[in-house]
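Q: Pasting a predicted model and its sequence here:
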Amino acid sequence: MESRTVEESRVETAHIVRVGHLNGAGRLFGGMLMQWLDEVAGVVAKRHSRSNVITASVDNLQFLQGACQEDLIVIIGRLTYVGNTSMEVRTDAYVESREGIRRPINRAYFTMVALDEEGHSKRVPRLILETEVQRAEWEAGEKRREMRIRRRKEGF
């Protein structure tokens, strides 16, 4: 079975908050940020699986702080765990100052599923863990997976 490193599929994007991205309170609309996060998670999963992917779930979506018009939003996505057909992608969003200082505003974990040409789930490459941080993320990903399975069984 093929294997790939975490860094091979890592993604970093940047967006400038424009007027059309704002909610009624003049802050970045949470739905817009969620779209950007989902796109980043999809690219990470697509790079790793080298196939089309779909979003199966989003866990632990935390809005830590808001963002305003003209803020620079940086989103980083990376794999934390892979199963047979699914991949967990951690996304972290930051507001980056003109000095390059990043302030976290959001974190979420997306479960993405790889698809074959007929739209059926397919096996994904194994994940090569190279650092202690990556191994810790993997262990946490296993726990989140167990919680997702338990919630699904219980109807949540």
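A: It's in.
Q: all contacts plus neighbour counts: C-alpha atoms, from now on.
A: Noted.
Q: Show me what counts as buried in stretch 70-89.
A: Buried residues in stretch 70-89, counted by 16 or more other Cα atoms under 10 Å: 71-83, 85-89.
Q: Can you get me the start-to-end distance on that stretch?
A: Counting by Cα to Cα, to the nearest Å, you get 27 Å between the two ends of stretch 70-89.
Q: average pLDDT across it?
A: Averaging the model's pLDDT scores along stretch 70-89 yields 98.
Q: Helices of this protein, start to end?
A: 30-49, 132-154 (DSSP state H).
Q: most packed of the ones you listed?
A: Comparing those by mean neighbour count (mean count of other Cα atoms under 10 Å), helix 30-49 ranks first with a mean of 21.
Q: Could you list every helix and strand in contact with that one?
A: strand 11-16, strand 52-63, strand 72-82, strand 86-96, strand 102-115 (3 or more Cα pairs under 8 Å, 6 or more residues apart in numbering; DSSP states H and E).
Q: export those strands to CSV and tack on distance to residue 3?
A: Output for the helices and strands packed on helix 30-49, formatted as CSV (distance: least, Cα to Cα, whole Å):
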stretch, distance to residue 3
strand 11-16, 18
strand 52-63, 18
strand 72-82, 11
strand 86-96, 13
strand 102-115, 15
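Q: Just tell me which of the ones you listed ends up closest to residue 22.
A: Comparison of the helices and strands packed on helix 30-49 against residue 22 by Cα to Cα identifies strand 11-16 as nearest, at 11.4 Å.
Q: CA-only coordinates of that closest one, as CSV, when you get a sec.
A: Extracted in CSV, the C-alpha atoms of strand 11-16 (Å, rounded to 0.1, in the frame of the first residue of the first chain):
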residue,chain,number,x,y,z
VAL,A,11,-1.9,23.3,2.4
GLU,A,12,-1.7,27.0,3.3
THR,A,13,-4.0,29.6,1.8
ALA,A,14,-4.6,33.3,2.3
HIS,A,15,-7.8,35.4,1.9
ILE,A,16,-8.5,39.1,2.3
